[in-house]
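S.K.: attaching a predicted model along with its sequence, questions to come.
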Amino acid sequence: MYKDVRAAVDLCHRDGWRTMLVVPELEREVELLWELRDTCKQLQLLRNERDHIEDEIHHLKWSIRFDGVNVDNEEELLAEIDKLKYRSEQVRLSHQQAQRECHRTFHKVWGQLMKTGYQNSRFAHQVERFACLYTSQVTNLSLYSPNKYYRPGEDFMPHEIVILAL
């Protein structure tokens, strides 16, 4: 098996061959993503809110430890930290419940085909690595010329996304 994959990769690089993977399950996955796009955006907002709250907690703890605040001010900051921790837990629980429901919509056990939480699944990594194109069915290419050249998307590092991505 390894030799077959290696040979395909060599042909791809040496002779300019392109590979396409047909993933029939992808059609339903895309439909569900469209249906759940508002939910997915809400999940991102909840995650961002939780990150923001945790940053505030860290900043306040840092202030108490290194900024030499007086005792009265320290008590106020500790009370604020407790409020933020409570809020963080509420957001975490809301996020967890919404993510669980979203996960089950795709598949009761495995969730999304191409994701594991917020990261690409192992399957998605393999698709990216070994397939130049992927689609749910070959007939999706019927509207394109057989001579069409498919170029891969550009890879971005996290520090480049905000600066260079369109």
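M.R.: That came through, no problem.

S.K.: which stretches of the chain form strands?
M.R.: Ranges of strands in the chain, per DSSP state E, are 20-22, 115-116, 119-120, 133-135.

S.K.: out of the ones you listed, flag the one nearest residue 51.
M.R.: With Cβ to Cβ, the closest approach to residue 51 among the strands of the chain belongs to strand 119-120: 15.9 Å. C-betas here are computed from N, CA, C, even on glycine.

S.K.: that older thread, let's have the strands of the chain in TSV, adding mean pLDDT and distance to residue 143.
M.R.: Formatted as TSV, the entries for these read as follows, by pLDDT from 0 to 100; distance: least, Cβ to Cβ, whole Å:
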stretch	mean pLDDT	distance to residue 143
strand 20-22	91	15
strand 115-116	88	28
strand 119-120	90	28
strand 133-135	90	12
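
S.K.: to residue 57, which of those lies closest?
M.R.: With respect to residue 57, and counting by Cβ to Cβ, the nearest of the strands of the chain is strand 119-120 at 24.7 Å.

S.K.: partner strands of the closest one and their direction?
M.R.: Here the strand partners of strand 119-120, with direction, are listed using DSSP bridges: strand 115-116 (antiparallel).

S.K.: which residues touch the strand it pairs with?
M.R.: Contacts with strand 115-116, where a contact means Cβ atoms under 8 Å, 6 or more residues apart in numbering, come from 121, 122, 124.
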